[in-house]
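Chemist: sequence? don't have it. structure:
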């Protein structure tokens, strides 16, 4: 009996010990899962110009970013256990507004910022709320060289190349086309000055004479004095570095002064004015821009790019009310870059989860380090950053003929200018606006000639 009691006691103690160990192991396993599991939800802040001078392209960039979020949430490989969200605010293409809404997004708990569009707005955010709160910011279209300064803007990155490269590209192209003298026209903001300053310096080094250098305030409504100064300089090659809204003003007033290809003028534009949004639904401006040449970052050409265009063309199963501007295969130049900016954050988040750093995603300093190490193929090609947070990309060389900017070549720092098409320096005027008379004109003249004798006989009979 005593042996039975002893056996029973030992058995109970053994069972209790095993149960206690199992509970402890379960708690540790549960604790481990809690540490390493993916966040259920992550929110990005979207900073887009839904109003103001960049609104035309801003609404499409916003749409592309939201498409990326939807696609990621349907992806079983990228953030499969996390719902990605984006909270969008309108920067109104205004630095103070942009800084204010960025602060609101950060207060709401976003872990990263997408945007802004214009360099002046991005600068205000990068030196203000992004820096103060250590929240990484990835722009899809801000190209000012000043933003490469990591001492001033440590949390700023961009998926587009800076204008320090674009200015060099345009100077090389002007030299390639054997233009020995030029005039320059730019706005006096971060974007305008940064790009045109690099161009003028590089052009001078190449022996190109900058005869007239004109500036005006962003958003100005009257720039005829600057345009007249260029006319008076007798130089007919003009390098233009302005955003879309200001380009509309430039070409509207340039048309009034006859500064067009018909009169021997050549406009050479950066990525700002070389967009269809400048002349959309305005034949006067479209005709004034005919023959324009310039650069824009290569928007992509591989399978990922075509996959994005498929989404854009079908409005991702929705309509233009959901995704502004969708329904074709010609999104705004920077729509694909906004799409890739979202994917850049998503890939960094996944990398941190895989490395058992899910709990560090809200640590902006650590997230920034992972973003710098991110390397993937997006719609715009391989996305990775140099030590300045810049994207080193390839530029398309484009030429406006009628209503399309056709690609006539490429330029990069390794290969220089590679010509792939023929430039039409005169472009083609829109029928009915100006230029050679159309068929209707000749029909009217022919009808008048044929009917004139009959009209004269009829009038004589009445008299």
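Modeler: Structure received. Source: prediction; values computed, not measured. Numbers count the residues shown, from 1 in each chain.

Chemist: can you give me the helices for the chain?
Modeler: Under the criterion DSSP state H, the chain contains helices at 2-36, 55-73, 95-107, 119-126, 129-133, 163-176, 190-205, 224-233, 244-256, 283-288, 303-313, 335-354, 364-372, 439-462.

Chemist: Of these, which shows the lowest average pLDDT?
Modeler: Averaged per stretch, pLDDT over these is lowest on helix 439-462, reaching a mean of 40.

Chemist: Chain neighbours aside, what residue packs nearest to the residue nearest to the spatial centre of the chain?
Modeler: Geometric centre of the chain, nearest residue: residue 334, 2.7 Å, by CA atoms, centre = their mean. Closest residue to residue 334 apart from its sequence neighbours, by CB to CB, 6 or more residues apart in numbering: residue 141 at 4.1 Å. In this view, the C-beta of every residue, glycine as well, is placed from N, C-alpha and C.

Chemist: The residue nearest to the centre of the chain: what's it in contact with?
Modeler: Counting by CB atoms under 8 Å, 6 or more residues apart in numbering, residue 334 touches 57, 61, 117, 140, 141, 160.

Chemist: unless I'm mixing things up, the last one is touching residue 391, no?
Modeler: Same thing as residue 160. Yes: counting by CB atoms under 8 Å, residue 391 is a contact partner of residue 160 at 5.7 Å.

Chemist: most neighbours, which of the contacts of residue 334?
Modeler: residue 61 (32 neighbours; other CB atoms under 10 Å).

Chemist: From residue 226, how far off is residue 185?
Modeler: Distance from residue 185 to residue 226, counting by CB to CB, to the nearest Å: 6 Å.

Chemist: more neighbours, these two?
Modeler: residue 185 (26 against 19).

Chemist: Show the contacting residues for residue 294.
Modeler: By CB under 8 Å, 6+ apart, residue 294 lies in contact with 170, 240, 267, 268, 269, 270, 271, 273, 274, 397, 398.

Chemist: what's the most distant pair in those?
Modeler: Using CB to CB, the contacts of residue 294 span at most 15.3 Å, a distance reached by 240 and 397.

Chemist: hmm, back to that, can you tell me which of the contacts of residue 334 is nearest residue 330?
Modeler: Closest to residue 330 out of the contacts of residue 334 is residue 57 (12.1 Å), distances taken as CB to CB.

Chemist: how is this structure carved up into domains?
Modeler: Split into domains by automatic domain parsing, the chain comes to 41-160+300-383, 164-297+395-419.

Chemist: mind checking the end-to-end distance for the shortest one?
Modeler: In domain 164-297+395-419, first residue to last residue: 22 Å (CA to CA, to the nearest Å).

Chemist: ok now that domain, how far from the chain's centre?
Modeler: 18 Å (CA atoms, centre = their mean, to the nearest Å).

Chemist: got it, and the first one?
Modeler: A distance of 10 Å separates the C-alpha centroid of domain 41-160+300-383 from that of its chain, computed with CA atoms, centre = their mean.

Chemist: Let's have the helices of the chain in JSON lines, adding distance to residue 424.
Modeler: Formatted as JSON lines, these follow (distance: least, CB to CB, whole Å):
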{"stretch": "helix 2-36", "distance to residue 424": "59"}
{"stretch": "helix 55-73", "distance to residue 424": "25"}
{"stretch": "helix 95-107", "distance to residue 424": "39"}
{"stretch": "helix 119-126", "distance to residue 424": "31"}
{"stretch": "helix 129-133", "distance to residue 424": "43"}
{"stretch": "helix 163-176", "distance to residue 424": "16"}
{"stretch": "helix 190-205", "distance to residue 424": "23"}
{"stretch": "helix 224-233", "distance to residue 424": "23"}
{"stretch": "helix 244-256", "distance to residue 424": "18"}
{"stretch": "helix 283-288", "distance to residue 424": "14"}
{"stretch": "helix 303-313", "distance to residue 424": "26"}
{"stretch": "helix 335-354", "distance to residue 424": "26"}
{"stretch": "helix 364-372", "distance to residue 424": "42"}
{"stretch": "helix 439-462", "distance to residue 424": "22"}
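
Chemist: just these: most buried one?
Modeler: helix 119-126 (a mean of 28; mean count of other CB atoms under 10 Å).

Chemist: What helices and strands are in contact with that helix?
Modeler: helix 95-107, strand 137-139, helix 190-205 (3 or more CB pairs under 8 Å, 6 or more residues apart in numbering; DSSP states H and E).

Chemist: one more time with 6 Å
Modeler: Judged by 3 or more CB pairs under 6 Å, 6 or more residues apart in numbering; DSSP states H and E, helix 119-126 is in contact with helix 95-107, helix 190-205.

Chemist: what residues does that helix touch?
Modeler: 91, 95, 98-99, 102, 116, 137, 139, 142, 144, 153, 156, 189-191 (CB atoms under 6 Å, 6 or more residues apart in numbering).

Chemist: and it with helix 190-205, angle?
Modeler: Relative orientation of helix 119-126 and helix 190-205, computed by axes from the mean of the first three to the mean of the last three CA atoms, to 10 degrees: 120 degrees.

Chemist: re the thing from before, return every residue with contacts to both of residue 185 and residue 226.
Modeler: Overlap of the contact sets of residue 185 and residue 226 (by CB under 6 Å, 6+ apart) consists of residue 214.

Chemist: measure residue 256 to residue 223 for me?
Modeler: 11 Å.

Chemist: can you pull the contacts of residue 51?
Modeler: Here residue 51 is in contact with 90, 92 (CB under 6 Å, 6+ apart).

Chemist: hang on, isn't residue 206 packed against residue 173?
Modeler: No: counting by CB atoms under 6 Å, residue 206 stays clear of residue 173, with 10.7 Å between them.

Chemist: returning to what we had before: do you know which of the helices and strands packed on helix 119-126 lies nearest residue 295?
Modeler: The closest of the helices and strands packed on helix 119-126 to residue 295 is helix 190-205. By CB to CB, the value is 10.2 Å.

Chemist: Output the contacting helices and strands for that closest one.
Modeler: helix 119-126, helix 163-176, strand 181-187, strand 237-241.

Chemist: tell me the angle the third one makes with helix 244-256.
Modeler: Angle of strand 181-187 versus helix 244-256, following the same axes, to 10 degrees, is 130 degrees.

Chemist: how many degrees apart are strand 181-187 and strand 237-241 in direction?
Modeler: Using the same axes, to 10 degrees, strand 181-187 lies at 20 degrees relative to strand 237-241.

Chemist: repeat for the longest one
Modeler: The directions of helix 163-176 and strand 237-241 differ by 170 degrees, with the same axes, to 10 degrees as the criterion.

Chemist: related to what we said a few turns ago, could you check the pLDDT of the residue nearest to the centre of the chain?
Modeler: Residue 334 is assigned a predicted lDDT (pLDDT) of 95.

Chemist: Can you give me the separation between it and residue 379?
Modeler: Remark: distance between residue 334 and residue 379 (CB to CB) = 11 Å.

Chemist: cool, and residue 304?
Modeler: To residue 379, residue 304 is 5 Å away according to CB to CB.
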